[in-house]
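J.: The sequence isn't on hand, but the structure is:
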């Protein structure tokens with residue numbers, strides 16, 4: 001009986017037609033590259049989700065209901081869904097810290113003309129109408145009312161005379177990142193302070209406490225989350241997630257779990273401080289986007305937008321660079337405060353992902369999706385995992401390979417090359433497996449994930465383990481396709497060709 005059946009017994013005697021279905025040659029790899037957004041929920045009864053338990057989210061209304069309208073996590077979803085509404089996304093709510101951040105808005109002078117104060121809190125516009133006769137107390141009361149009316153804001157407010165006290169809705173250090181300002185677009189954008197009115201700000205501060213992530217990470221179990229929006233950049237929090245997604249036996253990139261995945265974050269700071277921060281991390285799976293200190297948008301929304309655009313693009317093609325993808329709904333720092341190209345270049349070499357805002361549209365875009373990995377185990381410079389696309393591409397081809405092997409050889413016998421066995425037998429040899437790996441590589445090459453198929457075949461090694469006759473060992477050397485990131489031109493111009501000289505040189 002040369003053909004290997006899985007279900008029809010060899011001693012079956014009953015007539016006539018019996019069939020078993022085998023899908024091993026038909027299936028194609030389909031990976032669920034879902035995203036996970038991690039953030040703080042409001043305390044009950046303002047939220048309904050269980051803390052530290054991931055749940056799927058399909059809309060902003062669902063996020064508001066689950067995590068509390070105006071919460072840290074709900075506002076992260078606002079930024080995420082503005083940039084990616086198509087891919088599957090889950091939310092992981094964590095508990096708030098110990099103290100809420102507070103700040104003040106002080107109306108210094110009364111109005112002499114009617115107008116509108118275009119207040120900005122956490123990057124969100126809060127228009128406040130002012131009459132020509134309004135006193136400082138009247139204006140402060142109107143400001144507080146406008147803030148409290150907008151339930152999506154991450155803050156509440158209380159007026160007292162000409163001073164408005166602003167309090168973050170959620171406790172923790174993340175509240176210190178919420179900036180307040182006015183007239184972001186200025187006179188050219190139609191935003192002018194009403195006549196006579198002047199305002200001063202004491203930015204939010206005093207927020208204390210970062211979440212503990214041990215339970216949240218444990219509750220992820222073995223679910224695959226390919227792209228994680230993680231806005232916390234303190235060393236303790238980052239280390240916990242770097243370990244979870246690392247190459248160790250217990251990590252998601254380790255050989256036991258094979259779940260893969262990437263962590264995206266963002267950090268607001270000065271150029272010098274971001275350079276220093278980049279030297280404190282060295283994780284291939286972590287990409288931290290550097291943000292100017294004066295951007296009105298909270299860094300946690302930058303993080304969510306970055307993750308959203310990355311997940312949308314990499315799900316379509318993990319090998320394409322993310323450069324030029326716009327971060328919708330994010331307000332960049334004003335022109336004079338943006339990083340210079342020389343500074344962006346230095347940040348890229350220090351393990352910080354970069355963004356820039358092309359002139360004219362005021363919407364920031366991803367410049368280079370750098371990871372924090374910059375050195376090897378001996379502390380020497382190393383670019384093996386310099387950009388996000390490297391591991392994203394590798395994850396894709398490893399999943400393709402795993403699907404091919406597990407589908408086509410799930411219950412096969414193993415024999416040496418040259419063994420004469422009947423057609424249809426569920427037997428493989430090292431050469432058969434090598435041919436399958438080469439065939440799969442050709443498919444990946446056709447799909448633009450790898451290159452140099454001949455070199456791959458020449459360097460691929462498939463052999464039986466000398467100490468375990470039931471084991472195959474493979475040295476798999478893929479040549480990952482690269483990206484067009486630099487187009488350098490030497491413009492060697494002439495005012496007029498010297499036909500005699502240039503003709504002789506050309507000849």
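T.: All right, it came through fine. Given the structure is predicted, the values throughout are model-derived calculations rather than measurements.
J.: low pLDDT regions in the stretch 401-507 of the chain?
T.: Filtered on pLDDT under 70, the stretch 401-507 of the chain yields the residue ranges 500-507.
J.: Could you rerun that using 90?
T.: Scanning the stretch 401-507 of the chain for pLDDT under 90 picks out 407-408, 410, 422-426, 494, 496-507.
J.: ranges for the helices of it?
T.: For the stretch 401-507 of the chain, applying DSSP state H, counting those that start in this stretch gives helices covering 430-446, 453-459, 499-506.
J.: likewise the chain?
T.: Using DSSP state H, the helices of the chain run over residues 60-67, 72-83, 136-149, 214-219, 235-244, 271-278, 299-316, 341-349, 388-408, 430-446, 453-459, 499-506.
J.: Tabulate those helices (JSON lines), appending distance to residue 418 and mean neighbour count.
T.: Just so you know, the C-beta spots here come from the backbone N, C-alpha and C atoms, and that holds for glycine as well. Formatted as JSON lines, the helices of the chain follow (distance: least, Cβ to Cβ, whole Å; neighbours: other Cβ atoms under 10 Å):
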{"stretch": "helix 60-67", "distance to residue 418": "60", "mean neighbour count": "20"}
{"stretch": "helix 72-83", "distance to residue 418": "56", "mean neighbour count": "26"}
{"stretch": "helix 136-149", "distance to residue 418": "79", "mean neighbour count": "19"}
{"stretch": "helix 214-219", "distance to residue 418": "49", "mean neighbour count": "14"}
{"stretch": "helix 235-244", "distance to residue 418": "46", "mean neighbour count": "17"}
{"stretch": "helix 271-278", "distance to residue 418": "55", "mean neighbour count": "17"}
{"stretch": "helix 299-316", "distance to residue 418": "43", "mean neighbour count": "26"}
{"stretch": "helix 341-349", "distance to residue 418": "52", "mean neighbour count": "16"}
{"stretch": "helix 388-408", "distance to residue 418": "21", "mean neighbour count": "20"}
{"stretch": "helix 430-446", "distance to residue 418": "9", "mean neighbour count": "17"}
{"stretch": "helix 453-459", "distance to residue 418": "20", "mean neighbour count": "13"}
{"stretch": "helix 499-506", "distance to residue 418": "59", "mean neighbour count": "9"}
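J.: Tabulate these (JSON lines), appending distance to residue 229.
T.: Below are the helices of the chain laid out as JSON lines (distance: least, Cβ to Cβ, whole Å):
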{"stretch": "helix 60-67", "distance to residue 229": "13"}
{"stretch": "helix 72-83", "distance to residue 229": "6"}
{"stretch": "helix 136-149", "distance to residue 229": "26"}
{"stretch": "helix 214-219", "distance to residue 229": "14"}
{"stretch": "helix 235-244", "distance to residue 229": "11"}
{"stretch": "helix 271-278", "distance to residue 229": "19"}
{"stretch": "helix 299-316", "distance to residue 229": "4"}
{"stretch": "helix 341-349", "distance to residue 229": "20"}
{"stretch": "helix 388-408", "distance to residue 229": "14"}
{"stretch": "helix 430-446", "distance to residue 229": "28"}
{"stretch": "helix 453-459", "distance to residue 229": "35"}
{"stretch": "helix 499-506", "distance to residue 229": "56"}
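J.: Which one, of the helices of the stretch 401-507 of the chain, ends up nearest to residue 144?
T.: The closest of those to residue 144 is helix 430-446. By Cβ to Cβ, the value is 58.9 Å.
J.: Report the inter-axis angle for the closest one versus helix 388-408.
T.: 140 degrees (axes from the mean of the first three to the mean of the last three Cα atoms, to 10 degrees).
J.: And the contacts of helix 430-446?
T.: 396-397, 400-401, 404-405, 408-409, 416-417, 450-451, 453, 456-457, 460, 462-464, 472, 474, 476, 478 (Cβ atoms under 8 Å, 6 or more residues apart in numbering).
J.: mind running it again at 7 Å?
T.: The list of residues contacting helix 430-446 from outside it, by Cβ atoms under 7 Å, 6 or more residues apart in numbering, reads 397, 400-401, 404, 408, 417, 450-451, 453, 456-457, 460, 462-464, 472, 478.
J.: Same check on stretch 317-336?
T.: Residues outside stretch 317-336 that contact it (Cβ under 7 Å, 6+ apart) are 79, 82-83, 123, 184, 292, 294-297, 301-302, 305-306, 309-310, 313, 338, 355, 357, 362-369, 388-389, 392-393, 395-396, 448-449, 481, 483, 485.
J.: change it to 6 Å
T.: Contacts to stretch 317-336, defined as Cβ atoms under 6 Å, 6 or more residues apart in numbering, come from residues 79, 82-83, 123, 292, 294-297, 302, 305, 309-310, 313, 357, 363-366, 369, 389, 392-393, 396, 449, 481, 483, 485.
J.: To residue 190, which of the helices of the chain lies closest?
T.: Checking the helices of the chain against residue 190 by Cβ to Cβ gives helix 136-149 as the closest, at 18.0 Å.
J.: residues in contact with residue 175?
T.: By Cβ under 6 Å, 6+ apart, residue 175 lies in contact with 100, 101, 168, 204, 207.
J.: Can I get those residues in JSON lines including pLDDT, distance to residue 269 and neighbour count?
T.: As requested, the contacts of residue 175 are exported to JSON lines (pLDDT from 0 to 100; distance: Cβ to Cβ, whole Å; neighbours: other Cβ atoms under 10 Å):
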{"residue": "100", "pLDDT": "96", "distance to residue 269": "22", "neighbour count": "20"}
{"residue": "101", "pLDDT": "97", "distance to residue 269": "17", "neighbour count": "25"}
{"residue": "168", "pLDDT": "97", "distance to residue 269": "20", "neighbour count": "28"}
{"residue": "204", "pLDDT": "97", "distance to residue 269": "16", "neighbour count": "24"}
{"residue": "207", "pLDDT": "96", "distance to residue 269": "16", "neighbour count": "24"}
